[in-house]
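> Predicted model follows, preceded by the sequence.
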Amino acid sequence: MLKYICKQKLYYFMHSWEIYVNAQIINSQIDDIIQFIAKNTPIKPKIGITLSTTLADIADIIQSKVIIPYTDIPHLPKNSCEYTTVGNLILGKLNGKDVIIMQGRLSLFEGHNVQTATLLIRVMRKMGVETLFIVSTGGGLNHHFHIGEIMLVTDHVNFTGRSPLTGENLANFGPRFCTMFDIYDIKLQQYARAAAIKNRISLCQGVYVGIAGPEFPTRAELRLMLENNNDAVGMSVVHEAIVAAHSSMKIMGLIMIADMALPYSIKQSTMGEIAEQAKLLLENIKILISEVIKKLD
């Protein structure tokens with residue numbers, strides 16, 4: 001018993017030390033990355049976009065772009081997922097506005113901690129980004145949805161069991177305890193709905209459930225999500241949104257419904273099938289992002 005207590009005290013001591021240094025380390029890493037980016041391009045973006053690997057080709061809409069591989073950027077680990085075939089930071093212009101894009105994510109299921117996975121969101125904010133588009137694929141839970149539709153995120157549920165705000169607060173970005181009500185900007189949603197009507201794009205809306213992965217949910221887990229009126233599920237979005245909200249950024253979440261994640265389905269889609277489906281559905285998201293950015297000051 002004494003040995004167990006000593007181990008627990010040692011764990012808490014080491015954990016407390018890790019928390020103490022986290023803010024200093026993260027802020028130092030952010031500054032290093034910003035200095036590195038500045039050596040490659042003078043662009044000062046006000047708009048950020050994060051893309052899942054399956055939707056990476058959306059970045060084709062950027063003009064005059066500078067592409068910086070994640071592997072060249074200090075403090076970013078190497079992606080290990082077989083479907084993570086791209087990993088770039090892209091800076092350029094869209095509709096005359098400076099933008100920065102994360103082309104591919106650093107995911108928790110690859111073993112990255114949540115602070116590392118969201119580090120580039122902090123970098124974007126410190127560079128001056130005020131509006132963040134979080135774009136991903138997801139599985140539809142709402143039986144009224146159809147594959148190929150885009151879901152506008154109106155709220156989220158964090159089922160990952162982790163928060164990127166755990167540890168010493170980065171007070172230069174936001175408060176220790178930040179509110180999470182209405183973090184998905186209403187005005188941006190209005191712009192997206194108007195653009196969808198104008199371009200005859202099927203746009204639904206709903207609550208997104210974020211899970212850590214890499215396993216897909218069980219039938220019981222999907223039933224739980226459905227019973228609580230959630231509309232789509234995936235392995236991203238929520239941590240990026242939490243960090244962006246903590247940093248007072250305006251957020252739009254767009255989810256491409258690439259399969260239906262229903263507990264009574266005969267079988268689950270594979271990641272390969274989801275990735276192939278997503279490739280067929282890129283143009284509508286490109287249009288929505290482009291149209292909304294036109295409306296931004």
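The structure has been received and is ready for your questions.
> can you pull out the strands in the stretch 1-150 of the chain?
Counting by DSSP state E, counting those that start in this stretch, one finds strands in the stretch 1-150 of the chain at the ranges 47-51, 63-69, 88-94, 97-103, 131-140, 150-158.
> okay if I get the ones you listed as JSON lines plus mean pLDDT and mean neighbour count?
The C-beta positions use only the backbone N, C-alpha and C, and glycine is treated the same way. Shown next, in JSON lines, are the strands of the stretch 1-150 of the chain (pLDDT from 0 to 100; neighbours: other CB atoms under 10 Å):
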{"stretch": "strand 47-51", "mean pLDDT": "94", "mean neighbour count": "25"}
{"stretch": "strand 63-69", "mean pLDDT": "91", "mean neighbour count": "15"}
{"stretch": "strand 88-94", "mean pLDDT": "93", "mean neighbour count": "21"}
{"stretch": "strand 97-103", "mean pLDDT": "93", "mean neighbour count": "24"}
{"stretch": "strand 131-140", "mean pLDDT": "94", "mean neighbour count": "25"}
{"stretch": "strand 150-158", "mean pLDDT": "96", "mean neighbour count": "20"}
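> possible to save those strands as a markdown table with distance to V238?
Converted to a markdown table, those look like this (distance: least, CB to CB, whole Å):
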| stretch | distance to V238 |
| --- | --- |
| strand 47-51 | 12 |
| strand 63-69 | 26 |
| strand 88-94 | 21 |
| strand 97-103 | 15 |
| strand 131-140 | 9 |
| strand 150-158 | 5 |
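> Return the distance of the nearest residue to A232 once chain neighbours are set aside relative to G167.
Once flanking residues are discounted, A232 sits nearest to G138: 4.2 Å by CB to CB, 6 or more residues apart in numbering. To G167, G138 is 28 Å away according to CB to CB, to the nearest Å.
> coming back round to it: who wins for proximity to N113 among the strands of the stretch 1-150 of the chain?
With CB to CB, the closest approach to N113 among the strands of the stretch 1-150 of the chain belongs to strand 150-158: 15.6 Å.
> Paired strands for the closest one, with orientation please.
Sheet pairing for strand 150-158, assigned by DSSP bridges, gives strand 203-210 (parallel), strand 250-260 (antiparallel).
> hmm, who's touching the helix or strand that the first one is followed by?
Read in the C-terminal direction, the helix or strand following strand 203-210 is helix 219-227, with elements assigned using DSSP states H and E. Residues outside helix 219-227 that contact it (CB atoms under 8 Å, 6 or more residues apart in numbering): L141, V157, F159, V209, P217, V233, A261, L262, P263, Y264.
> go again using 10 Å as the cut-off
With CB atoms under 10 Å, 6 or more residues apart in numbering as the test, helix 219-227 has contacts from 139, 141-143, 157, 159, 207, 209, 211, 215-218, 230-233, 261-265, 268.
> Stretch 192-203 too?
Residues from elsewhere that reach stretch 192-203, judged by CB under 10 Å, 6+ apart: 133, 145-146, 148-152, 185, 189, 204-205, 252-254, 257, 283-285, 287-292, 294-295.
> Ends of that stretch, what's the gap?
Counting by CA to CA, to the nearest Å, you get 9 Å between the two ends of stretch 192-203.
> now it: mean pLDDT?
Confidence over stretch 192-203 (mean pLDDT, whole number) is 95.
> my read: I150 touches M252, true?
No - the pair I150 and M252 does not pass the contact test of CB atoms under 10 Å, sitting 11.3 Å apart.
> what sits in contact with each of these two?
Between them, I150 and M252 share these contacting residues under CB under 10 Å, 6+ apart: V135, A192, L288.
> Next, the distance between the ends of stretch 159-173.
End-to-end distance (CA to CA), stretch 159-173: 24 Å.
> Then stretch 144-153?
End-to-end for stretch 144-153, by CA to CA: 16 Å.
> Give me the distance from that stretch to the chain's centre.
Relative to its chain's centre, stretch 144-153 lies at 18 Å (CA atoms, centre = their mean, to the nearest Å).
> before we move on, what about stretch 284-293?
The gap between the average C-alpha position of stretch 284-293 and the chain average comes to 17 Å, counting by CA atoms, centre = their mean.
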